[in-house]
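Q: Starting from these lines, generate the structure:
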Amino acid sequence: DLTTLGNGTISVNATSTDVAGNVSVAATPTSFVLDTTAPVAPVVALVAGADLATAAEATAGAVTVTAEVGSTVSVTFTGVAGIVTKTLTGTGAPQTVALDAAVGDLTTLGDGTITVSATATDVAGNTGAAGTTSFILDTIAQAAPTLVVSAATANATANEAMAGAVTVIADVGSTISVTFTDGINSVIKTLNNATGLPQAVVLSAGDLAILGNGVITVNAIATGLAGNPSAQSTANFILDTAAPVVPTLVVSAATASATAAEALAGAVTVTAEVGAAVSVTFIGLLGSFTKPTFTGTGLPQAVSLTQAELSALGANGTINVSATTVDVAGNPGQTASTSFIIDTIAPVAPAVAVVAGADIATATEATNGAVTVTAETGSTVSVTFTGVAGSVIKTLTGNAAAQTVALAAGDLATLGDGTISVSATSTDVAGN
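A: Numbers count the residues shown, from 1 in each chain. Okay, the predicted model is just below:
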């Protein structure tokens, strides 16, 4: 009969015939709609990007369902922990089907693969085939990444920063966003598909110019495959791309020509940047050597020599000195240089002579100079006259020629008449 009638409006008319064969008047006609066709299976689709859905995406609606207008749609979510069913009325257009965290939908389902099936029942009560899809639910936040600044890069040079002063470790497959900031300017680096092992975060020369020297704060956030962000991790390092100040080498006037004693005590001082590693090299006539590295203090530091080092340089002559520094970040500085003369040989004894005819000297001859002294050029000569009554000392500068040493009238009274002994010593410019 249904096949004969077909779907659509069915008109119904009724008459009755009694046993005698009399036919009644027709009853008032009526009608109904015959619908024997099940509705088309709903179209179940994932919202773009929701194949890996966070809690926020699932509660906003990770799935859309398109079903026959007026049909009652039953959408069943099946997870690893349980089942959740949502009901809606078809409109013929896509409708998002949201899960409700407040009533425990996400907890009921549990994280993992969620299978979604939807059936539509039309107004006649015919239920169609199911439409299906699936997605992965991930409601767990990523673990915070681990930021590591090694001791070697706590003060980082440009080269160290461009090689990676900081390493980061995050969950496998996550995306890591690393922000470097000097408090004003920032540089953001992104590492895709984390390995779960330490990964260096490198900066470019342009990045370094943006950040500038000083304390750099590093923040890192890892985002999982589903889009769940982690808590932020933080570390710091000092960026130092500038070479240290050129050290200052000073040879004092007193040590420009240095005795052995002065060289052993330190004929040269060096002033270098605080914390910098200082290397000082001496080059003499016979050889050279570099003193063990020491740390700059920002103040003058004497660089002393040992007797063995003096011997290695050569006993006398010009000593060239150079100093280089490397700051705490590892930046090498420019070289400073100076020189001094080392003189460890005592000058020849002065030649003291009596002027002709002055072996028995009058007052006039003594005040004109009864004695001459010849001493090394530049040396300081001390001439001592010792008489029966006292002593008198005269000082002059040697010039390698005979110089008369005159006494004053008062000196004669101090010495008194009689034999006058005269001695002279010379001290060279080095102090020997």
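
Q: burial measure for Thr28, as a count.
A: 7 (other Cβ atoms under 10 Å). Heads up, the C-betas are built off the backbone N, CA and C, glycines and all.

Q: show me where the stretch 301-432 of the chain has strands.
A: 301-303, 317-326, 336-342, 351-354, 371-374, 380-386, 391-397, 402-405, 421-427 (DSSP state E, counting those that start in this stretch).

Q: Including mean neighbour count, distance to Ala20 and mean pLDDT, could these go into CSV?
A: Output for the strands of the stretch 301-432 of the chain, formatted as CSV (neighbours: other Cβ atoms under 10 Å; distance: least, Cβ to Cβ, whole Å; pLDDT from 0 to 100):
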stretch, mean neighbour count, distance to Ala20, mean pLDDT
strand 301-303, 16, 142, 94
strand 317-326, 19, 130, 93
strand 336-342, 18, 141, 91
strand 351-354, 14, 184, 94
strand 371-374, 20, 183, 96
strand 380-386, 18, 172, 96
strand 391-397, 14, 174, 96
strand 402-405, 17, 182, 96
strand 421-427, 16, 171, 94
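
Q: Go through those and name the closest to Ala60.
A: Smallest distance to Ala60 across those (Cβ to Cβ): 57.2 Å, for strand 317-326.

Q: Packing partners of that closest one?
A: Secondary-structure packing of strand 317-326 (3 or more Cβ pairs under 8 Å, 6 or more residues apart in numbering; DSSP states H and E): strand 248-251, strand 277-283, strand 336-342.

Q: Note down every partner strand of the shortest one and its orientation.
A: With DSSP bridges as the test, strand 248-251 is paired with strand 268-271 (antiparallel).

Q: which other residues reach the strand it pairs with?
A: With contact meaning Cβ atoms under 8 Å, 6 or more residues apart in numbering, strand 268-271 is reached by 247-252, 255, 278, 280, 296, 298-303, 321, 323, 336, 338, 340.

Q: Got the confidence number for the nearest residue to Thr414 once chain neighbours are set aside?
A: Spatial nearest neighbour of Thr414, excluding adjacent residues (Cβ to Cβ, 6 or more residues apart in numbering): Gly390 at 4.5 Å. With respect to pLDDT, Gly390 scores 93.

Q: Same question for Thr255.
A: 64.

Q: And the one 3 residues further on, by the same measure?
A: Here the pLDDT value assigned to Ala258 is 79.

Q: what comes up buried for stretch 287-298?
A: Using 16 or more other Cβ atoms under 10 Å as the test for burial, stretch 287-298 gives Lys291, Gly296.

Q: Only the C-alpha atoms, please, for that stretch, written as CSV.
A: Extracted in CSV, the C-alpha atoms of stretch 287-298 (Å, rounded to 0.1, in the frame of the first residue of the first chain):
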residue,chain,number,x,y,z
GLY,A,287,115.1,37.2,24.9
SER,A,288,111.5,37.7,25.9
PHE,A,289,108.8,36.3,28.2
THR,A,290,105.2,36.8,29.2
LYS,A,291,104.2,37.2,32.8
PRO,A,292,101.5,34.9,34.2
THR,A,293,98.0,36.4,33.5
PHE,A,294,96.6,38.5,36.4
THR,A,295,93.3,40.3,36.9
GLY,A,296,92.8,44.0,36.4
THR,A,297,91.6,46.1,39.3
GLY,A,298,91.1,49.5,37.6
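
Q: Tell me which residues are up against it.
A: 247, 270-282, 301, 303, 309, 312-314, 325.

Q: can you give me phi and psi for the residue nearest to Thr269 when sequence neighbours are not counted?
A: Counting by Cβ to Cβ, 6+ apart, Pro300 is the residue found nearest to Thr269 once chain neighbours are left out, at 4.0 Å. Per-residue torsions, Pro300: phi -60, psi 130 (degrees, to the nearest 10).

Q: What is the burial count for Pro300?
A: Considering only other Cβ under 10 Å, Pro300 is surrounded by 14 other residues.

Q: ok, now Thr76?
A: What Thr76 shows, counting by other Cβ under 10 Å, is a neighbour count of 15.

Q: next one: Val69
A: Using other Cβ under 10 Å: Val69 sits among 12 other residues.

Q: Identify the residues contacting the helix or strand containing Thr115?
A: For Thr115, the host element (DSSP states H and E) is strand 112-121. The contact list for strand 112-121 (Cβ under 8 Å, 6+ apart) reads 39-42, 44, 53, 63, 65, 67-68, 71-80, 90, 97, 127-137.

Q: strands paired with the helix or strand just after it, and their directions?
A: Downstream of strand 112-121, the first helix or strand assigned by DSSP H and E is strand 131-137. Pairing partners of strand 131-137, with direction, according to DSSP bridges: strand 52-53 (parallel), strand 112-121 (antiparallel).

Q: Just the C-alpha atoms of the last one, please, in CSV.
A: Below are the C-alpha coordinates for strand 112-121, written out as CSV (Å, rounded to 0.1, in the frame of the first residue of the first chain):
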residue,chain,number,x,y,z
GLY,A,112,43.1,11.6,23.7
THR,A,113,41.2,10.7,20.5
ILE,A,114,37.5,11.7,20.5
THR,A,115,35.2,10.0,18.0
VAL,A,116,32.1,12.0,17.0
SER,A,117,29.0,10.6,15.4
ALA,A,118,25.7,12.3,14.6
THR,A,119,22.3,11.0,13.6
ALA,A,120,19.3,12.9,12.5
THR,A,121,15.7,12.0,13.2
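
Q: and Thr153, what pLDDT?
A: For Thr153, the predicted pLDDT is 69.
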